[in-house]
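S.K.: What would the 3D arrangement of this be:
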Amino acid sequence: MKEIPLFPLNIVAFPGEAVNLHIFEPRYKALVNDCLNQQQTFGIPSFVLGKIELGTEVKIVEVTKKYEDGRMDIKTEAMGVFEVKDFWNPWGEHEYAGGRVSFLKGEEARADASLLYQFKEMSSRLFGWLGEVNVPDVSTISSVYDIGHKIGLKPEEEYRLLAIRDENERLRYAIRHLQNLIPALERAQSAQERIRQNGHFKHLDPLKF
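M.R.: Below is the predicted model:
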């Protein structure tokens with residue numbers, strides 16, 4: 001159990017992810033300055049379901065820009081996932097929120113090679129179908145978290161992924177999502193093509209009975 005400053009946001013931060021933030025509210029400017037002065041981490045509770053429950057601890061890596069009015073652009077790195085046990089706003093004498101959190105331990109077992117391979121294959125298929133130029137190199141990933149924001153999950157689905165503590169269960173969750181998403185995208189593309197053809201002259205071979 002640990003007490004840390006809390007910065008609730010409508011995002012899900014996955015462990016290992018780089019999270020860039022623009023700090024402009026006075027209370028959060030104070031939070032960041034306190035964390036910098038005390039070399040302290042803070043937590044980002046994910047407020048995507050309208051409640052303070054799960055979140056991710058982050059450390060400030062760099063202040064990339066300071067503005068004359070005190071605003072800041074900061075780079076942070078997400079670390080461990082926690083459950084909020086107590087939430088106080090404000091937190092003691094501070095302007096900002098804080099709370100008592102309990103860090104969730106993940107399973108130590110390595111990812112199943114066949115599941116990871118299937119996830120990589122399906123992710124590659126998705127990126128190829130989308131035709132995006134700037135896509136992750138799936139050959140380098142070792143966890144769902146590495147591309148968790150790139151596979152079309154809704155915020156509430158990302159939240160559920162964050163709550164899963166076993167990597168193999170995360171892989172199964174992501175694979176099921178892709179198994180539903182990719183055929184739906186392909187059906188939508190086929191429907192678009194049919195709509196475009198509607199009203200145009202078509203060369204059709206007569207049916208032979």
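
S.K.: how far away is Pro136 from Asn10?
M.R.: Pro136 sits 24 Å away from Asn10, going by CB to CB, to the nearest Å. C-beta coordinates here come from the backbone N, C-alpha and C atoms, glycine included.

S.K.: can you give me how far the lengthiest strand in the chain is from the chain middle?
M.R.: Assignment by DSSP state E gives strand 72-88 as the longest strand of the chain. On the basis of CA atoms, centre = their mean, to the nearest Å, strand 72-88 sits 13 Å off its chain's mean C-alpha point.

S.K.: circling back to that earlier point, and Pro136 and Asn10? Which one has more around it.
M.R.: Ranked by neighbour count (other CB atoms under 10 Å), Pro136 and Asn10 place Pro136 first, with 16 against 10.

S.K.: For the next helix or strand after the longest strand of the chain, which strands pair with it and how are they oriented?
M.R.: Sequence-wise, the next helix or strand downstream of strand 72-88 (DSSP states H and E) is strand 97-103. Using DSSP bridges, the strands paired with strand 97-103 are strand 2-6 (antiparallel), strand 72-88 (antiparallel).

S.K.: Return the set of buried residues in the last one.
M.R.: Same thing as strand 72-88. 72, 74, 76-82, 84, 87 (16 or more other CB atoms under 10 Å).

S.K.: the domain parsing of the protein - what is it?
M.R.: When the chain is parsed with automatic domain parsing, its domains come out as 2-103, 113-197.

S.K.: Among those, show me which one is buried the most.
M.R.: Compared across these, domain 2-103 shows the largest average neighbour count, a mean of 16 (mean count of other CB atoms under 10 Å).

S.K.: Start and end of that domain, how far apart?
M.R.: 8 Å (CA to CA, to the nearest Å).

S.K.: from the chain's centre, how far out does that domain sit?
M.R.: 16 Å.

S.K.: Low-confidence stretches in the chain?
M.R.: 106-109, 132-133, 188-209 (pLDDT under 70).

S.K.: hey, where'd the helices end up in it?
M.R.: 26-38, 113-130, 155-163, 167-197 (DSSP state H).

S.K.: Make CSV from those and add distance to Glu68 to it.
M.R.: Listed next are those as CSV, based on distance: least, CB to CB, whole Å:
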stretch, distance to Glu68
helix 26-38, 13
helix 113-130, 41
helix 155-163, 34
helix 167-197, 44
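
S.K.: closest one to Lys2 among those?
M.R.: helix 26-38 (14.0 Å; CB to CB).

S.K.: And for that closest one, what's in contact with it?
M.R.: Contacts with helix 26-38, where a contact means CB atoms under 8 Å, 6 or more residues apart in numbering, come from 5, 7, 23, 40-42, 60, 63, 70-72, 74, 90, 94-96.

S.K.: try 7 Å this time
M.R.: 5, 7, 23, 40-42, 60, 70, 72, 74, 94-96 (CB atoms under 7 Å, 6 or more residues apart in numbering).

S.K.: Determine which two of the residues you listed are furthest apart.
M.R.: Top of the distance list for the contacts of helix 26-38 (CB to CB): Thr41 and Gly70, 21.2 Å.

S.K.: ok, Phe82 to Pro15 distance?
M.R.: 11 Å.

S.K.: Likewise for Ala97?
M.R.: Counting by CB to CB - Ala97 and Pro15 are separated by 22 Å.

S.K.: Give me the neighbour count for the closest residue to Val81 other than its chain neighbours.
M.R.: Once flanking residues are discounted, Val81 sits nearest to Leu104: 4.9 Å by CB to CB, 6 or more residues apart in numbering. Using other CB under 10 Å, Leu104 has 14 other residues around it.
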